[in-house]
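[1] Build the 3D model from these lines:
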Amino acid sequence: MLERKKSINLNTFYYAFSFFLFLLFLLNPQLSKATVPTTTQNCQTNIHSVQIVQSDANNPSQIKAQAWENVSSLPDYWDKRWKGYHSSAWYKVLWTHKCPSNIQEPVTLTISHINMAGEIYLNDEFLWKDQSLVEPLSRSWHNPRYWILPSSSLKQGQNTLWIRVVGTPTQKSGLGPVHLGEHTQIMDIYKQAVLEKRSLPSLNLFVNLIVGLFCLIVWLFIRSEYAFKWFGFVTILWLIYSYLVLRSDPLLSLTSTTIDRFSVITFSIYASVGCIAAWRFAESTFPKAEKILLLFCIFSTIIILFVPIQYLPTTLNLVFLIGVIIFILKCLTYPYIAYKSKLKEAYFLSLQYLFFFPIAINDAIYMLTLKGQILSPYTAPISTITVGLVLAYRLSNNAKSIAQFNKTLEQSVIQAKDELSVSLNNQHQLALENVKLQERIHFSHDLHDGLGGSISRSLILLEKYDHIEKDQMLSILKLLRNDLRQTIDFGSSQESQIPDTPILWAAHIRHRFVMIFEEMEISSKWDIMPQWQSTPSTLQCLTLARVAEEALNNIVKHSQATEVKVSLYEVQQNLILVIEDNGIGFIPHEVEAGLHVGLHSMQQRVSRLNGQFEINSKSGQTILKVSLPFTA
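    Numbering: from 1, shown residues only. Alright, predicted model coming up:
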């Protein structure tokens, strides 16, 4: 409740402050519409009367005899006096200049504005004229001027200024305030007029250009800041409108009515897009209202472009007035939108709009009547300060967000490190368990292929003889002991010494099986290459040894063969072991389907070394072939 009261009081303060500025500018004595006499210590200059007459004459001599109408005060616009008249008129300014005979002092003349173009004669002598008095016309309605009238051209007593004004259908045609007198005094009035009509609007134009470019640059680098894109677009529209209003020289051979068409079209789009930009800045959307604004822009553009010239002034005033109403409604409603959005940046913008509200009303009256003083040029600092506050606030918020993000990220990294440490410890334990399991599997295979074969051979010998001598039994047990020791030695380290030659590799296998082959009356042939062409690894030697033992053991137990051949050779960087017998044979896929442990063990060993394992078997011939590629 307290915050709401503070908000109401703050809004009241801004309304009061804006209204005070409004009154201050309207009551500024330097902008008085009256033409006051000016004097110095030596000379007196006084304007007695101002008269007007309709005429397209090119010089004063052609209009002196015409019927003149009195003008009560300046500025004067003839739209109410001569409704529908848009050609040209002459103003006759009668004034007196009195100086002592021994003093010749020049007089300075200043005219606030001529709407739209004009020329000046002093006592029937040409003094000055605009660049163009025919379409495309010069546009002097925001261009104060001054002239120093030489004393040689002045008369003691009454003098006459002849001022021709060329008007347009779409603007109030007429003459602004005229001042004559001592140079210093008149220059103060001229400088004030230039400040209000040229300098401040030009400064406002430049500041808005910088702000608009800055908004567009922010949007280009940070595309998520789409509100700045809209504000950049709004600023560009305001720049175009201000440029069309302030330009004095003809623009691309465009007529005055064409320029006025485009300026009002630009203003209507500016007012509509300004609403959308403000809403986007408050992160709000109003689809129905935005469609209405879009339709207003489309229809107003079409109507202004194609309306006949006789209806153009009324149409332009109506569209301009609607644009002003849209702007005023935005200023009045935006504080509520900002309050609903809860964005502090929007609060800054709403305060600016509240400040702009009375200024918009004043400037609209000025543009429609050309009476009073335009105040929008004074708003450039306010706009700049608002943009600065918004950017500073967002920068502060972004810095806080980055700091909070860094803090959160740091905590997340610490938490992730802890979780990763726990995970790595678990993974390490699982890896150790897996290694132990693999060692057990390998050891079981080695026991099966090595010690199992020895046990099978011992059983065959025991079955063959009814009576076994002590020496024979000791020989069998020593053989089993040696096989067990060899299995443990090979399984405990893969860095054991590689046999110097293939013959040494095959020696212990040949020694074991030749004895039993002789006892079983099986002839064997061992075709082993004498030297290694490429050095195999320890694991390759062990694998081939286990495969050879398992294959020969199967021949002893199942084949009923009488001939066995074992070959070891190298072909194209592949170490090849081939074992052949002439036994009864078997069907390989049926043996695999029966989960034969020995066959499965051989295949697994060869597969782990990326080798190839082949068996071709039929009655009278079985060929087992193993090919191991040499590792790099």
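[2] from here on, contacts and neighbour counts on C-alpha atoms
    Will do.
[3] which secondary structure element contains the residue positioned nearest the centre of the chain?
    Nearest to the centroid of the C-alpha atoms of the chain, with distances taken as CA atoms, centre = their mean, sits Arg223, at 2.6 Å. In this structure, Arg223 is located outside every helix and strand according to DSSP states H and E.
[4] Phi and psi next, for it.
    phi -60, psi -20 (degrees, to the nearest 10).
[5] And Lys92, by the same measure?
    Reported as degrees, to the nearest 10, the phi and psi values for Lys92 are phi -110, psi 110.
[6] mind giving me the domain ranges of the chain?
    Taking automatic domain parsing as the domain assignment, the record places the domains of the chain at 2-27+201-400, 34-193, 436-629.
[7] Dump the ones you listed to CSV, plus mean pLDDT and distance to Leu424.
    Converted to CSV, those look like this (pLDDT from 0 to 100; distance: least, CA to CA, whole Å):
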stretch, mean pLDDT, distance to Leu424
domain 2-27+201-400, 82, 35
domain 34-193, 89, 79
domain 436-629, 78, 18
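[8] hang on, the earlier thing: next one: the residue nearest to the centre of the chain from Cys215, what distance?
    The spacing between Arg223 and Cys215, counted by CA to CA, to the nearest Å, is 11 Å.
[9] So which residues of the stretch 351-500 of the chain form helices?
    Listed in chain order, the helices of the stretch 351-500 of the chain (DSSP state H, counting those that start in this stretch) span 380-446, 452-464, 470-492.
[10] Revised request: answer the last question for the stretch 51-200 of the chain.
    Counting by DSSP H, counting those that start in this stretch, the helices of the stretch 51-200 of the chain are 183-194, 200-221.
[11] Tell me where the stretch 201-350 of the chain has helices.
    Counting by DSSP H, counting those that start in this stretch, the stretch 201-350 of the chain forms helices over residues 226-246, 256-281, 287-306, 312-341, 344-369, given from the N-terminal end onward.
[12] Would you indicate which residues of the last one are buried?
    Translated: helix 344-369. Along helix 344-369, these residues count as buried under the neighbour rule (16 or more other CA atoms under 10 Å): 345-365, 367.
[13] same deal with the fourth one?
    Within helix 312-341, the residues that qualify as buried by neighbour count (16+ other CA under 10 Å) are 312-313, 315-317, 319-328, 330-332, 334-335, 337-338, 341.
[14] possible to save the helices of the stretch 51-200 of the chain as a markdown table with mean neighbour count and distance to Val566?
    As requested, the helices of the stretch 51-200 of the chain are exported to a markdown table (neighbours: other CA atoms under 10 Å; distance: least, CA to CA, whole Å):
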| stretch | mean neighbour count | distance to Val566 |
| --- | --- | --- |
| helix 183-194 | 17 | 115 |
| helix 200-221 | 18 | 77 |
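[15] Would you mind giving these as CSV with distance to Pro377 added?
    Written out in CSV, the entries for these read as follows (distance: least, CA to CA, whole Å):
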stretch, distance to Pro377
helix 183-194, 12
helix 200-221, 5
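[16] Of all those, which one comes closest to Trp95?
    Each of these was checked against Trp95 via CA to CA, and the shortest separation belongs to helix 183-194, namely 15.4 Å.
[17] what angle sits between the closest one and helix 200-221?
    Direction vectors for helix 183-194 and helix 200-221, defined by axes from the mean of the first three to the mean of the last three CA atoms, to 10 degrees, enclose an angle of 30 degrees.
[18] so the closest residue to Phe613 other than its chain neighbours, which of the three states?
    Nearest in space to Phe613, with sequence neighbours left out and distances taken as CA to CA, 6 or more residues apart in numbering, is Val626 at 4.8 Å. Of the three states, Val626 takes strand under DSSP: H, G, I helix; E, B strand; the rest coil.
[19] which residues does Val626 contact?
    When contacts are counted by CA atoms under 8 Å, 6 or more residues apart in numbering, Val626 is found next to 544, 576-578, 606, 611-614.
[20] And the contacts of stretch 338-347?
    The contact list for stretch 338-347, computed with CA under 8 Å, 6+ apart, reads 281-284, 335, 350, 389-390, 393-394.
[21] With respect to Asp527, which of these is nearest?
    Looking at the contacts of stretch 338-347 and their distance to Asp527, the nearest is Arg394, at 86.5 Å (CA to CA).
[22] immediately after whichever strand or helix holds Leu599, which helix or strand?
    Per DSSP H and E: Leu599 is located in helix 597-608. Once helix 597-608 ends, the next helix or strand along the chain (criterion: DSSP H and E) is strand 612-618.
[23] just to revisit the earlier point, now do the helix holding Leu599: which elements does it pack against?
    Packing contacts for helix 597-608, counted by 3 or more CA pairs under 8 Å, 6 or more residues apart in numbering; DSSP states H and E, involve helix 538-554, strand 612-618.
[24] Minimum distance to Glu570: which of those has it?
    Relative to Glu570, the nearest member of the helices and strands packed on helix 597-608 by CA to CA is helix 538-554, separated by 13.0 Å.
[25] hang on, the earlier thing: please tabulate the contacts of stretch 338-347 in CSV, including the columns distance to Thr168.
    Listed next are those as CSV, based on distance: CA to CA, whole Å:
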residue, distance to Thr168
Phe281, 40
Ala282, 42
Glu283, 44
Ser284, 43
Pro335, 40
Ser350, 38
Leu389, 43
Val390, 43
Tyr393, 48
Arg394, 48
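[26] what comes up buried for the helix holding Leu599?
    598-599, 601-606.
[27] Next, the angle helix 380-446 makes with that helix.
    Following the same axes, to 10 degrees, one obtains 140 degrees for the angle between helix 597-608 and helix 380-446.
[28] orientation of helix 597-608 relative to strand 612-618 in degrees?
    Compare the direction of helix 597-608 with that of strand 612-618 by the same axes, to 10 degrees and you get 140 degrees.
[29] one step back: of the helices of the stretch 51-200 of the chain, which is nearest Lys83?
    Lys83 lies closest to helix 183-194 among these, at 28.9 Å (CA to CA).
[30] Off-centre distance for the closest one?
    50 Å (CA atoms, centre = their mean, to the nearest Å).
[31] Check which helices and strands that helix is in contact with.
    For helix 183-194, the elements it packs on are strand 107-111, strand 145-149, judged by 3+ CA pairs under 8 Å, 6+ apart.
[32] Most tightly packed of these?
    Among the helices and strands packed on helix 183-194, judged by mean count of other CA atoms under 10 Å, the one packed with the most neighbours on average is strand 107-111 (a mean of 21).
[33] Does anything pack onto it? Which helices or strands?
    Partner elements for strand 107-111 (3+ CA pairs under 8 Å, 6+ apart): strand 145-149, strand 178-181, helix 183-194.
[34] could you redo the ones you listed as TSV and give each row distance to Ile374?
    Conversion of these to TSV gives the following (distance: least, CA to CA, whole Å):
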stretch	distance to Ile374
strand 145-149	18
strand 178-181	19
helix 183-194	11
